[in-house]
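In: Attaching a predicted model along with its sequence, questions to come.
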Amino acid sequence: MSVVGYYRPVVEARTWKSTAALLLGLPFGIAWFTIVITGLSLSAGLMVTFVGLPLLMLVVGFGRVIGVVERAKVRALLGLDLAAFPRPGNGAVEGFWAKARARLGDGAGWRGIAYGILALPLGILWFVTAVVLWSVTLSFAFFPIYQIFLPDTNDGGPYHFGDDYVLHGWGRFGFAAGVTVIGWVLLGATPRIINGLGLAERNIVRGLLSPSESSQLEQRVEQLTVSRDASVEGSSVELRRIERDLHDGAQQRLVALAMDLGMAKERLAAGQDAASATALVTRAHDEAKLAISELRDLVRGIHPQVLTDRGLDAALSALAARSTVPVTVDVTLADRPPASIEAAAYFVVAEALTNLSKHSGASRAAVRVEQFGPRVLIDVRDDGRGGAMEHPGGGLSGLRDRVSAVEGTFRLSSPHGGPTEIHVELPCAS
């Protein structure tokens with residue numbers, strides 16, 4: 001190994017980021033340990049009352065907060081983007097006891113608590129080791145400069161050993177040279193030790209606060225299974241809707257059109273009253289225009305041309321203009337999403353506006369679409385009566401299936417008395 005290669009880690013950003021991570025271990029460890037131990041002690045002491053259980057639920061929830069912060073620290077300073085545990089399903093259960101069982105059974109929260117307890121001794125170890133290593137290394141490596149700034153005392157300062165032995169002359173030179181050589185040897189070794197400690201901390205965080213690779217693979221397979229099922233179900237529902245719309249709308253009008261034209265043809269062939277034949281042709285003409293209009297609406301429901309030509313902002317503005325409820329639209333996108341995500345966002349808003357126009361009794365609504373990192377966030381909110389619920393085969397259930405088909409998330413909040421809010425997150429990484 002060359003001299004340059006030996007000392008290269010000293011100037012690498014990784015070394016100093018690892019040092020920062022080790023030094024931050026102590027203040028974070030004090031905070032985590034204090035909050036976790038205090039919370040567990042209070043909840044255990046108050047468990048005989050009704051207060052203890054909710055407090056324990058909060059402590060377990062805080063375990064997830066520890067995981068979020070520590071994974072962010074590892075990502076920023078130790079160069080590893082760790083996956084998070086899936087969110088608990090507390091929102092899908094009703095009743096306090098069901099939510100308590102779901103929260104207290106959250107393994108990710110308990111892992112965070114375990115890390116919070118270990119964080120203090122680990123933080124002390126990381127902090128002391130990093131401070132001692134760098135202090136000794138830098139003071140030894142730059143000893144000739146360092147000793148100049150030491151106070152001039154009669155006992156010999158750094159050259160005083162034991163009770164009364166003090167180096168003088170060439171002895172001081174030899175001692176300074178030896179210390180400096182040791183310091184420069186340590187200067188190449190210390191960054192490697194620091195990076196090794198940083199790797200150890202990273203592995204501890206990964207082991208406790210992030211799912212294993214097999215768990216991530218199982219989670220991914222489950223997500224893809226749900227996405228596939230939702231896509232199949234959504235396609236089936238969409239085909240049934242198109243078939244129903246064709247049968248009940250355009251098909252009926254075209255049948256009436258054919259009948260009117262047939263009767264007009266027979267009357268004209270028989271030389272009967274031309275006025276009545278003209279009336280039948282006029283009615284057939286009106287039916288043809290209505291059929292064309294319904295077919296145009298049906299095509300727009302499959303995929304609107306404005307969405308392809310002008311993007312999501314223009315398409316949603318067109319939806320808002322046709323809505324019977326006044327709607328404000330705010331779209332903020334850094335880049336145009338992929339076509340499948342754009343279509344999903346459009347139909348989510350379209351179905352939401354249709355539902356609120358029919359059922360909400362709202363006087364106004366707002367649609368907000370914005371890009372946040374690799375995701376598109378959609379919020380549709382109205383001031384209606386609330387009480388919206390998902391039913392199998394219903395519009396809201398179809399929305400969830402459409403969102404799940406593109407691996408997004410769907411949340412509905414609609415307490416009685418309102419307001420109703422639909423929040424959707426869609427992946428937009430191309």
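Out: Looks like it came in fine. Residues are numbered from 1 along each chain as shown.

In: Next, the most centrally placed residue in the chain: phi, psi?
Out: Among the residues of the chain, the one closest to the centroid is R375, at 7.4 Å (Cα atoms, centre = their mean). Taking degrees, to the nearest 10, you get phi -130, psi 150 for the backbone angles of R375.

In: Residues contacting stretch 407-425, please?
Out: Stretch 407-425 is contacted by residues 91, 223-224, 227, 344-345, 348, 352, 356, 360, 362, 375-390, 396, 399-400, 403-404, 426-427 when judged by Cβ atoms under 8 Å, 6 or more residues apart in numbering. Any C-beta I mention is one placed from the backbone N, CA and C, and that applies to glycine too.

In: before we move on, what about stretch 47-58?
Out: Contacts of stretch 47-58 from elsewhere in the structure, counted by Cβ under 8 Å, 6+ apart, are 39-40, 42-46, 99-100, 103-104.

In: which residues of this structure fall in helices?
Out: In the chain, the helices defined using DSSP state H lie at 3-11, 13-45, 52-77, 96-104, 107-141, 143-146, 170-209, 213-245, 251-269, 274-302, 305-310, 312-322, 339-355, 395-405.

In: just to revisit the earlier point, what's across from the residue nearest to the centre of the chain in the sheet?
Out: Residues in a beta bridge with R375, per DSSP bridges, are F372, P427.

In: Once you drop chain neighbours, what's closest to E370?
Out: T332 (4.3 Å; Cβ to Cβ, 6 or more residues apart in numbering).

In: what's the answer for I37, then?
Out: Sequence neighbours aside, I117 is the residue nearest to I37 in space, at 7.1 Å (criterion: Cβ to Cβ, 6+ apart).

In: My guess is that neighbour contacts F33. True?
Out: Yes - with the criterion set as Cβ atoms under 8 Å, I117 and F33 qualify as a contacting pair; they are 6.4 Å apart.

In: And the two? Which one has more around it.
Out: Of the pair I117 and F33, F33 is the one with more neighbours under other Cβ atoms under 10 Å, namely 18 against 15.

In: Can you give me the distance of the residue nearest to the centre of the chain to P337?
Out: Remark: distance between R375 and P337 (Cβ to Cβ, to the nearest Å) = 10 Å.

In: what's the overlap in contacts for those two?
Out: Shared contacts of R375 and P337, defined by Cβ under 8 Å, 6+ apart, are found at 426, 428.

In: The residue nearest to the centre of the chain is in contact with P427, isn't it?
Out: Yes - taking contact to mean Cβ under 8 Å, the distance of 5.9 Å between R375 and P427 places them in contact.

In: coming back round to it: now the helices of the chain as TSV including mean pLDDT?
Out: Rendered in TSV, the data for the helices of the chain read as follows (pLDDT from 0 to 100):
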stretch	mean pLDDT
helix 3-11	84
helix 13-45	94
helix 52-77	92
helix 96-104	79
helix 107-141	92
helix 143-146	73
helix 170-209	86
helix 213-245	63
helix 251-269	74
helix 274-302	69
helix 305-310	74
helix 312-322	83
helix 339-355	82
helix 395-405	75
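
In: Need those in a markdown table (columns: distance to P415).
Out: Formatted as a markdown table, the helices of the chain follow (distance: least, Cβ to Cβ, whole Å):
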| stretch | distance to P415 |
| --- | --- |
| helix 3-11 | 57 |
| helix 13-45 | 29 |
| helix 52-77 | 21 |
| helix 96-104 | 16 |
| helix 107-141 | 26 |
| helix 143-146 | 67 |
| helix 170-209 | 34 |
| helix 213-245 | 26 |
| helix 251-269 | 41 |
| helix 274-302 | 31 |
| helix 305-310 | 33 |
| helix 312-322 | 25 |
| helix 339-355 | 16 |
| helix 395-405 | 15 |
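
In: Having no further points to raise, I will conclude here.
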